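Enquirer: Could you look at this predicted model? Sequence included:
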Amino acid sequence: MSTAIAFDTYDYVRKLRSVGVDEAQAAIQAEALVSLVEDRLATKQDMAELKRDMATIEANLKRDIETTKADLKRDMKEMELRMVVKMGAMILASVGMIIGFLRAFPIPVQFVQPPAQEMRQLAPSPGRPPAPPSAPAH
């Protein structure tokens, strides 16, 4: 497939000559115009190549985004685990400091005995004789 743009230089020169431009000037203008058109304008092939390149770039970007997402999720899980470990260490250190403080400066504690409970036996109900004491088992 050719990348050249079809441009009829003969027809262009003929049109310039018909309005009074001499043949040498018309030929130079035609060459300059062909050079400009070929250098600056895109062909259908150029556009197809551009579309193909853009599709490749888009696919690569999507792949890179997915890879970055997966890496970011993994890194976030690692950071979360590190944070939990550090927080646990801080809590343990705090508890240790509190225990150390309580040992260094003990609070006087007075143990109070709860009042003794009375043991009461049920009164015999009226009309029923009290039960005889049971014999000890041998």
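Expert: Received the coordinates, thanks.
Enquirer: Which secondary structure state does Ala42 sit in?
Expert: coil (DSSP: H, G, I helix; E, B strand; the rest coil).
Enquirer: Tell me how many other residues crowd it.
Expert: Per other C-beta atoms under 10 Å, the neighbour tally for Ala42 reads 11. From N, CA and C alone the C-beta is placed, and that goes for glycine too.
Enquirer: Now it. Nearest residue, chain neighbours left out?
Expert: Excluding its sequence neighbours, the residue lying closest to Ala42 (C-beta to C-beta, 6 or more residues apart in numbering) is Leu50, at 7.5 Å.
Enquirer: how near is the one you found to Thr56?
Expert: Distance from Leu50 to Thr56, counting by C-beta to C-beta, to the nearest Å: 11 Å.
Enquirer: So which elements touch the lowest-mean-pLDDT helix or strand in the chain?
Expert: Ranked by mean pLDDT, DSSP states H and E, the helix or strand of the chain with the weakest confidence is helix 23-40, at a mean of 85. For helix 23-40, the packing partners by 3 or more C-beta pairs under 8 Å, 6 or more residues apart in numbering; DSSP states H and E come out as helix 9-18.
Enquirer: Just the residues contacting the helix it packs on, thanks.
Expert: Glu23, Gln25, Ala26, Ala27, Gln29, Ala30, Glu31, Leu33, Val34 (C-beta atoms under 8 Å, 6 or more residues apart in numbering).
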